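>>> Build me a model:
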Amino acid sequence: MSVDPWATQLHPPASYSPWWWVVVAACLIGIVAVIWWARRALRASGPNSWGDDLLERLRAETLTRIDRIEAAVDGGVTTPADGATRLSGEVRRFVGTVTNGDADYRVLPELRGRAVKDPRFDGVVALVTEAEQLAFEPAREGAVLTPLLERSREVVRQWT
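Numbers count the residues shown, from 1 in each chain. As a prediction, the model looks like this:
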């Protein structure tokens, strides 16, 4: 089918408005601005800019909870066995949160397996072992909680 020459003279093909180039330019400028802002923000928040502060706050909160457990045991509110269980839970919760793992839900054999892969867990395994002995062995019911308190504080303070 042929096009009638008179039709193209009466109704020429419609072209895009030149204002669309302004829209394209604005979009390109916007994309460049977003990329620049994102790179600048990511560079400013490097790996240690907020991580160390968060770790220190979590460490301080955990040490405060350990102090509360010590005060409860010293005040006679809880038994040393219950205090040992709570200490084990606090340290495992701290380690689980810091490592973004599930150490707070693991039992001792699972923690031992994890310590084989990650030596930082050795202190946690020793602490949980001692806490379980204090909590579940009736012969140790009269034992004091002080060594376990110091070990739990040491694990929390030395964790990196």
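
>>> Domain ranges for this structure, per the record?
Listed by automatic domain parsing, the domain ranges of the chain are 5-44, 51-158.

>>> Break down this protein into its helices, ranges please.
In the chain, the segments counted as helices under DSSP state H are 5-10, 19-44, 51-74, 80-98, 108-117, 122-136, 146-158.

>>> Let's have those in CSV, adding mean neighbour count and mean pLDDT.
Heads up, the C-betas are built off the backbone N, CA and C, glycines and all. As requested, the helices of the chain are exported to CSV (neighbours: other C-beta atoms under 10 Å; pLDDT from 0 to 100):
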stretch, mean neighbour count, mean pLDDT
helix 5-10, 8, 64
helix 19-44, 10, 90
helix 51-74, 15, 90
helix 80-98, 21, 92
helix 108-117, 14, 91
helix 122-136, 19, 90
helix 146-158, 17, 93
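
>>> which residues does residue 121 contact?
Counting by C-beta atoms under 8 Å, 6 or more residues apart in numbering, residue 121 touches 95, 103, 111, 114, 115.

>>> and those residues as CSV, adding distance to residue 37?
Putting the contacts of residue 121 into CSV (distance: C-beta to C-beta, whole Å) gives the following:
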residue, distance to residue 37
95, 36
103, 37
111, 44
114, 40
115, 43
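
>>> Just name the closest of those to residue 56, please.
Nearest to residue 56 among the contacts of residue 121: residue 95, at 15.4 Å, using C-beta to C-beta.

>>> Check what pLDDT residue 107 gets.
For residue 107, the pLDDT comes out at 88.

>>> how much space between residue 86 and residue 20?
When distance is defined by C-beta to C-beta, to the nearest Å, residue 86 is 68 Å away from residue 20.

>>> hang on, I meant residue 127
As for residue 127, its distance to residue 20 is 68 Å (criterion: C-beta to C-beta).

>>> which non-adjacent residue is nearest residue 159?
Leaving out its chain neighbours, the residue that sits closest to residue 159 by C-beta to C-beta, 6 or more residues apart in numbering is residue 98, at 6.1 Å.

>>> where's the one you found relative to residue 104, distance?
Counting by C-beta to C-beta, the gap between residue 98 and residue 104 amounts to 11 Å.

>>> So residue 126 is in contact with residue 151, correct?
Yes. Using C-beta atoms under 8 Å as the test, residue 126 is close enough to residue 151 to be in contact (6.9 Å).

>>> Contacts only, for the residue nearest to residue 156 when sequence neighbours are not counted.
For residue 156, ignoring the flanking residues on the chain, the nearest one in space by C-beta to C-beta, 6+ apart is residue 62 at 5.1 Å. Going by C-beta under 8 Å, 6+ apart, residue 62 touches 90, 91, 93, 94, 156.
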